[in-house]
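**Q** Could you work out the structure for the sequence below:
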Amino acid sequence: MGLSPMDVTQFAAVDTTRAARVLSEIRSARLAGGRAPVAPRPVIEQSWDRMLRSGVDPEHDFRAGLLSPEEVRRRREASPLRHVLPVLREGLLSVADVAHHIMVVADDEGRVLWREGSARVLRRADGLGFEVGADWREEIVGTNGVGTPAVTRRPVQVFASEHFVRSQATWTCAGAPITDPRSGRLLGVVDVSGPLETMHPATLAWVDSVAKLAEARLRESHVRSLERLRTVAAPVLARLAGRALVTDRDGWTAAVTGMPHLDRVVLPKSPAAGPRWLPGFGACTVEPLGEGWLVRAAGDPAGQEGARIALDLSQPRRWSVRVLGGAEDWVRELSPRHAELLYLLAVHRTGRSAAELAEDMFGDPARTVTVRAEMSRVRRYLGAYLEHRPYRFCEDVEVEVALPSAPGDLLPHSTAPAVVQHRGAASVP
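**A** Next up is the predicted model:
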């Protein structure tokens, strides 16, 4: 009886040797352009396609220079992941050491910043170049448990010859991305790795659950920081007339006066005191206040006439929307879901109903509640340029979309049927 891609990884827990042999045959056939005995798992096949297009050598590993100890120290001190290291250690290290694994934490550029666990496995990892300061981006070292989750923005387990580069075929790893709950920006990846014989199918769920716990701790820390800012804001706002609000440095609102509550305003990337125009708020003055900003209305919100929207989907991990032509240009990094939605609205300029977007996103027109909730979040920062019933960009707004050079690289994380269809086409609309 033949094995399915899922059977292979499950079977590995029972017969590691046979599973590794089957995966080696799959890899060899795929790289040679022949017919594989079993199709690779989709997430692995898509990664291999990216490696083939980018020219990664499957037979010889390449190791970029290690970061200096000083640069590693600087990155550690600057990384928000340092705040959740105790969570990661508590959730992963005790089991990892017993199971002969190591825990690796890398930043958003794939650089290994922390590495702990079994001393014996750490020595074996040195032989693979899996060291502190090493660059484990997918485009540098091929399909792996650090670089591939960073590209796909979802947990990925890579076993044996699912690694694109042959030298890593004696290794197994499971990695999960950790994102900033304030912005959706990728902060890094936590990975549990070890020799081939340590593979277990439950490892990925375990690592993902700990990564989500770390994100929850970051979210709790953000709530506490807003509460501290609120105590500073309250007496200041009490003395003001008109519309005003106080936000943290990322634009999340701590307190308002004279207006309905806004969850967030989009601040310039590097805000400075003085007159500004903020999406969803309009003309205002911005002043530093504590660990955030005091935003005071200076008049009616500016309109969107003559504005230009630049949707950038050309990079594999960072998608953004830029608004040009208002009182002040601004840019916002997009979460994977919002990148999907704005891409679909850019493709369908005449608009999409909630049911049509649900069909596009999930293949199920009944999932309108989820679509409306996400579009509500999009409208918080892009509301001046969007209409609804149906959802669409305003007619007076010019929309430009920057796409990857290869259609297969369009939003590689996405499983939305409409995006998958466009990604597989010879050309993207």
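**Q** quick one: which helix or strand includes the nearest residue to residue 54 once chain neighbours are set aside?
**A** Spatial nearest neighbour of residue 54, excluding adjacent residues (CB to CB, 6 or more residues apart in numbering): residue 139 at 5.2 Å. Any C-beta I mention is one placed from the backbone N, CA and C, and that applies to glycine too. Residue 139 belongs to helix 138-141 when elements are defined using DSSP states H and E.
**Q** ok, now residue 154?
**A** Per DSSP H and E, there is no helix or strand for residue 154.
**Q** residues contacting it?
**A** 43, 176-177, 413 (CB atoms under 8 Å, 6 or more residues apart in numbering).
**Q** ok, it to residue 221 distance?
**A** For residue 154, the distance to residue 221 (CB to CB, to the nearest Å) stands at 24 Å.
**Q** How about residue 212?
**A** Applying CB to CB, the value for residue 212 to residue 221 is 15 Å.
**Q** ok so, going back, in the contacts of residue 154, which has the lowest confidence score?
**A** Within the set of the contacts of residue 154, pLDDT is lowest for residue 413 (85).
**Q** Got phi/psi on that one?
**A** Torsion angles at residue 413 (phi, psi; degrees, to the nearest 10) stand at phi -70, psi -20.
**Q** I'd guessed it sits against residue 155; true?
**A** No: if you go by CB atoms under 8 Å, residue 413 and residue 155 don't touch, sitting 11.3 Å apart.
**Q** can you give me the strands for the stretch 1-150 of the chain?
**A** Assigned by DSSP state E, counting those that start in this stretch, the stretch 1-150 of the chain shows strands spanning 102-107, 112-117.
**Q** Not counting its own residues, what contacts the last one?
**A** So that's strand 112-117. Residues outside strand 112-117 that contact it (CB under 8 Å, 6+ apart) are 72, 75-76, 79, 81, 85, 89, 93, 96-97, 101-107, 122, 125, 130-134, 136, 146, 188.
**Q** Give the buried subset of those as a PyMOL selection command.
**A** Only the buried entries of the contacts of strand 112-117 go into this PyMOL selection, using 16 or more other CB atoms under 10 Å:
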select buried, resi 72+75+76+79+81+85+89+93+96+97+101+102+103+104+105+106+107+125+130+131+132+133+134+136+146+188
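**Q** Take the contacts of strand 112-117 and keep only those in helices.
**A** Those of the contacts of strand 112-117 mapping onto helices are 72, 75-76, 85, 96-97, 122, 125, per DSSP state H.
**Q** Arrange the residues you listed in JSON lines, one row each, with distance to residue 193 and pLDDT as further columns.
**A** What follows is the ones in helices among the contacts of strand 112-117, written out as JSON lines (distance: CB to CB, whole Å; pLDDT from 0 to 100):
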{"residue": "72", "distance to residue 193": "19", "pLDDT": "97"}
{"residue": "75", "distance to residue 193": "20", "pLDDT": "97"}
{"residue": "76", "distance to residue 193": "20", "pLDDT": "97"}
{"residue": "85", "distance to residue 193": "17", "pLDDT": "96"}
{"residue": "96", "distance to residue 193": "9", "pLDDT": "71"}
{"residue": "97", "distance to residue 193": "13", "pLDDT": "68"}
{"residue": "122", "distance to residue 193": "10", "pLDDT": "92"}
{"residue": "125", "distance to residue 193": "7", "pLDDT": "92"}
